[in-house]
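In: Need coordinates for the following:
(chains A and B)
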Amino acid sequence: MTIGGIPLAGFLTAMLAAGLVAAAPLVLAALGEAVGERSGLLNLGIEGMMLSGAFFGFTAAYLTGSAVWGVLAGIAAGSLLGTLFAVLTVSLRVDQVLVGLAITIFGAGLTAFLYRDVFGGQNPSLSLDTSRIAIPGLSQIPIIGDAMFNQSLLFYIAFALVPVFAFVLARTRFGLQVRAVGAYPFAADAAGVNVTRIRYQAALIAGAMAGVAGAFLSVADLKIFQIGMTVGTGFIALALTMVGGWNPYRILLAAILFGLLRSLGNGLQIIGVNVRTEFITMLPYIGIMVALALLAGKTSLPAALGVPYARGRR
Amino acid sequence: MTRALSPSRFAPLLTSLAAIAAALVLGGIFLALRGKDPLAAYGVLVSRGLGTSYGITETLIRMAPLLIVSAGLLVSLRSGVWNIGIDGQLLVGALLAGVAGAAIAGQVPNPVMWLIAALAGMAGGLLWALVPGILRVRWGLNEIITTLMMNYVALNVTSWLVKGPVKDPDVVPPQTRLISREMRLPDVAGTGVHVGLLVGLVVVVLVTILFRHTVIGFMLDVVGRNRQAAIHAGMPVNRLTLVALLASGAMAGLAGANDILGVKGLFQGNWNPGYGFAAFALVYLARLNSLWLIPFAYFLSFLVIGGEMMARPLGIPTYFVEMLEGLMLLCFAVAAWVERMRSPYARAEEVETGPANAGEPPGPLISEPLLEPVARVAGGPS
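Out: Numbering: from 1, shown residues only, chains lettered A, B, ... in the order given. A predicted model of the protein is given here:
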């Protein structure tokens, strides 16, 4: 059986693979954002951090010829901006939305400026040896095998981090402290938790994960950088964090559904269903709003989300 | 401390000026690190942006949409509503204005056409703000995410419309029918600046009157400063929130119409001026004071126009100005903290309980719990 001239099995594999590859950077960014929001930090700078991760990751990989250095540079860029976010919102207690937007604007301007300045008018692409890693046995499973178990290393890491984050948030001392700081910082402080330190660590994790997610886009997936290439992916990750109720497994589910929604649109086009590209690209954004509306009131927010903490102040 | 106890009403302005100065210095250091001469760059910026009539004319033309957009954003921020969907609202407004204007151009007197196109633009922006507005007041969904998402929906919807249903069939590129130059907004006598600038100034004055002299403006301010107090005072908080968001969307749409009627004459598929981020910088630098928007709008559009003119001779990408806007906001964050630390409330605030906004300028600089509407739905709507 064929579909649009492609064997059905191959078509399904391609769709699934595209959906999962679209989900991976969202999972990475949203996991970091979940830790940040659990600690009470709403990071609207995530878009700028992702773009910075994408640009610096791309540039480092381009200059060194190594994907590993690219990813590390992406992490470093995200971490730096995450630290900046923490300094301004935790220590200086400036409004988180203002600081987040400022970082997003700054990141967009900085990466666009540097891309033009460093690469001139050229749009180079990476010629990296990021060979796919086929997992023996599993990658032979029909249809899903090639999509799920024949991917880049960073792809596996993204999904492997889900249980790690779930464990850390739910079962470790650090996770408990993060949740306490986000739910009731005054009690956490009284119990001896260093609110400032925990929030700095959470912001650092959120920034680093956004940086990796950006590097995934430019280094592992597309192998190019484009000005403004994230087109709201960071904001989508932020929304998915809320849709997933700050639970890593539910975030994973939401991200995969979201990725499949995106690849479904492309799939429809390939098989010749006459849908305009614009409708397909806007589906995910509408999907997010619908999901949030359906879930409204069913999830409980970290109580201190968005509220700066000052010892002794109410 | 005595000096600080009676702060000048211009003290907040100093904070903004310090932030701008710091951002320019940081930007200059950045240029120097990239092997460019910052003094030459800023020199060109000033000499071309302020020293040439072309620079001044272009700056004033660019000021008009910035004024309208930021006046709208100011209304929403003063009311504690985060309208981050300015760009989408502007696009939809511009498209509708372009379609409506071209449809009736030449068949009705020009002023009537302008009025109808402007109303169409406002309707478009309002419509685009209505979705997040309803989601907020009916389902308690925070408007930050929804207005952001609506931006991307707007990009796609306008791109589709302009390629299909409303495309000018006589030309190849995706664009609406052209409103010919003689039917566009006339220039202010003796200048090359179209009258949209006057519209922008009128909008700013109207917003000033709204907040200084009307009951609804007062209520919006109360909602923005302390939502709980507004609820306890029996104000229709949900309706006020919706009004603020819709007004701000309508103004974004009007700014879109302004660019179509005054500058472009048509809506193009790939056009996305991205005034929204500039408006954020603008409103904060103006300390949420509507009249101060005017000088800061001039300054920001001077930067944009000067940045465009600086690009070619010095090889500095125009994105430098966008980076500066981000830097200004970041520096503003630091400067606002310094200002708070110097204020007489600061010390007291550290030890005893006080209002969350004590010592703060009006508006949501230090916010109440951001997503509280969602949380409140869980425990019953207000």
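In: By mean pLDDT, flag the weakest helix or strand of the chain.
Out: You didn't pick a chain, so chain A it is. strand A:2-3 (a mean of 67; mean pLDDT, DSSP states H and E).
In: after it comes which helix or strand?
Out: Counting by DSSP states H and E, the next helix or strand C-terminal to strand A:2-3 is strand A:6-7.
In: gap between that following strand and the chain center?
Out: Taking CA atoms, centre = their mean, to the nearest Å, one finds strand A:6-7 lying 32 Å from the centre of the chain it belongs to.
In: Now look at the next helix or strand along the chain from it and say if it contacts chain B.
Out: Next helix or strand after strand A:6-7 toward the C-terminus (DSSP H and E): helix A:8-38. No - against chain B, helix A:8-38 shows no contacts by CB under 8 Å from any CB of the partner chain, the least distance being 9.4 Å. Every residue, glycine included, has its C-beta placed from N, CA and C.
In: quick one: the helices in the stretch 151-300 of chain A?
Out: A:153-171, A:173-183, A:185-190, A:195-215, A:233-243, A:248-270, A:277-295 (DSSP state H, counting those that start in this stretch).
In: What are the buried residues along stretch A:267-285?
Out: Neighbour counts over stretch A:267-285 (16 or more other CB atoms under 10 Å in any protein chain shown) mark A:267-268, A:270, A:278, A:280-285 as buried.
In: can you map out the helices along the stretch 201-350 of chain B?
Out: B:215-225, B:227-232, B:237-259, B:275-285, B:293-314, B:319-342, B:345-351.
In: quick one: A:Ala188 and A:Gly120, what's the gap?
Out: 51 Å (CB to CB, to the nearest Å).
In: Neighbour count for these two, which is higher?
Out: Legend: neighbour count by other CB atoms under 10 Å in any protein chain shown for A:Ala188 and A:Gly120, higher for A:Ala188 (24 against 10).
In: so where's the stretch 151-300 of chain A uncertain?
Out: In the prediction, the stretch 151-300 of chain A carries residues with pLDDT under 70 at positions A:272, A:274, A:297-300.
In: Establish whether stretch B:297-314 and chain A are in contact.
Out: No - Stretch B:297-314 lies out of reach of chain A by CB under 8 Å from any CB, never closer than 9.4 Å.
In: Grab the nearest non-local neighbour of A:Asn123.
Out: In space, and not counting its chain neighbours, A:Asn123 is closest to A:Ile224: 6.6 Å by CB to CB, 6 or more residues apart in numbering or on different chains.
In: For the lengthiest helix in chain B, name the packing helices and strands.
Out: Longest among the helix segments of chain B by residue count, using DSSP state H, is helix B:110-139. With contacts taken as 3 or more CB pairs under 8 Å, 6 or more residues apart in numbering or on different chains; DSSP states H and E, helix B:110-139 sits against helix A:277-295, helix B:86-104, helix B:143-163, helix B:237-259.
In: Return the angle between stretch directions for it and helix B:86-104.
Out: 140 degrees (axes from the mean of the first three to the mean of the last three CA atoms, to 10 degrees).
In: could you give me the average pLDDT of helix B:110-139?
Out: Average pLDDT, helix B:110-139: 95.
In: Please apply the same query to stretch B:223-236.
Out: 92.
In: ok, back up a step: report the buried residues of the longest helix of chain B.
Out: B:110, B:113-114, B:116-133, B:135-137, B:139.
In: quick check: angle from it to helix B:143-163?
Out: When the same axes, to 10 degrees is applied, the directions of helix B:110-139 and helix B:143-163 differ by 140 degrees.
In: I'd like the distance from helix B:110-139 to the chain centre, please.
Out: Distance of helix B:110-139 from the chain centroid (CA atoms, centre = their mean) equals 16 Å.
In: what residues does the stretch 151-300 of chain A put near chain B?
Out: Checking the stretch 151-300 of chain A against chain B by CB under 8 Å from any CB, the hits are A:227, A:231-232, A:235, A:238-239, A:242, A:276, A:278-279, A:281-282, A:285-286, A:288-289, A:292-293, A:296-300.
In: likewise the stretch 1-150 of chain A?
Out: So the stretch 1-150 of chain A meets chain B at A:42, A:44, A:48, A:84, A:88, A:92-99, A:101-110, A:112-114, A:116-117 (CB under 8 Å from any CB).
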